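>>> missing the sequence, but the structure's below:
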């Protein structure tokens, strides 16, 4: 089974916080690193934060100091704590391996470029 289930998005005002969660199947989670990506309307998907199995993190400049990525290796879950949200953070947020795995074999079939449904984050000014 291949699974990426994101949750926790919503509509908030600028300056408020949200915490996103992503439950992953082991065949994705047990890669070296996991990441949170986002895609705003009319823009390409971008990686905003990543975390290795050992806990080392990286952030894109626009979210440094505001977002914190974490993971629970016990239950295959990745989190993104987002504070001081800005209208420009509005996007659909996805989690996936970092970089994404182009082909996954599970249950007798291949999954190509697998992504979950994402969770919408909308920040009003």
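Here it is on my side, so go on. Not measured: the values here are computed from a predicted model.
>>> separation between residue 70 and residue 42?
30 Å (Cβ to Cβ, to the nearest Å). Using the backbone N, CA and C atoms, a C-beta is placed for each residue, glycine as well.
>>> any idea which helix or strand comes after the helix or strand bottoming out on mean pLDDT in the chain?
Lowest by mean pLDDT, DSSP states H and E among the helices and strands of the chain is helix 26-29, with a mean of 92. Using DSSP states H and E, the next helix or strand after helix 26-29 towards the C-terminus is strand 33-39.
>>> buried set for that following strand?
By neighbour count on 16 or more other Cβ atoms under 10 Å, the buried set for strand 33-39 is 33-38.
>>> ok, stretch 95-106 next?
Buried positions in stretch 95-106, judged by neighbour count with 16+ other Cβ under 10 Å: 95-98, 100-101, 104.
>>> I'd like these laid out as TSV, including pLDDT and secondary structure.
Formatted as TSV, these follow (pLDDT from 0 to 100; DSSP: H, G, I helix; E, B strand; the rest coil):
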residue	pLDDT	secondary structure
95	98	strand
96	97	strand
97	97	strand
98	95	coil
100	95	coil
101	94	coil
104	94	strand
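>>> mind checking pLDDT for the residue of the chain most remote from its centre?
Going by Cα atoms, centre = their mean, the residue of the chain most distant from its centre is residue 108, 26.8 Å out. As predicted, residue 108 sits at a pLDDT of 94.
>>> next, the contact list for residue 24, please.
Residue 24 makes contact with 3-5, 34, 76-78, 95 under the criterion Cβ atoms under 8 Å, 6 or more residues apart in numbering.
>>> could you do residue 26 as well?
residue 76.
>>> equivalent analysis for the one 3 residues further on, please.
Each residue near residue 29 by Cβ under 8 Å, 6+ apart is listed here: 73, 76, 78, 97.
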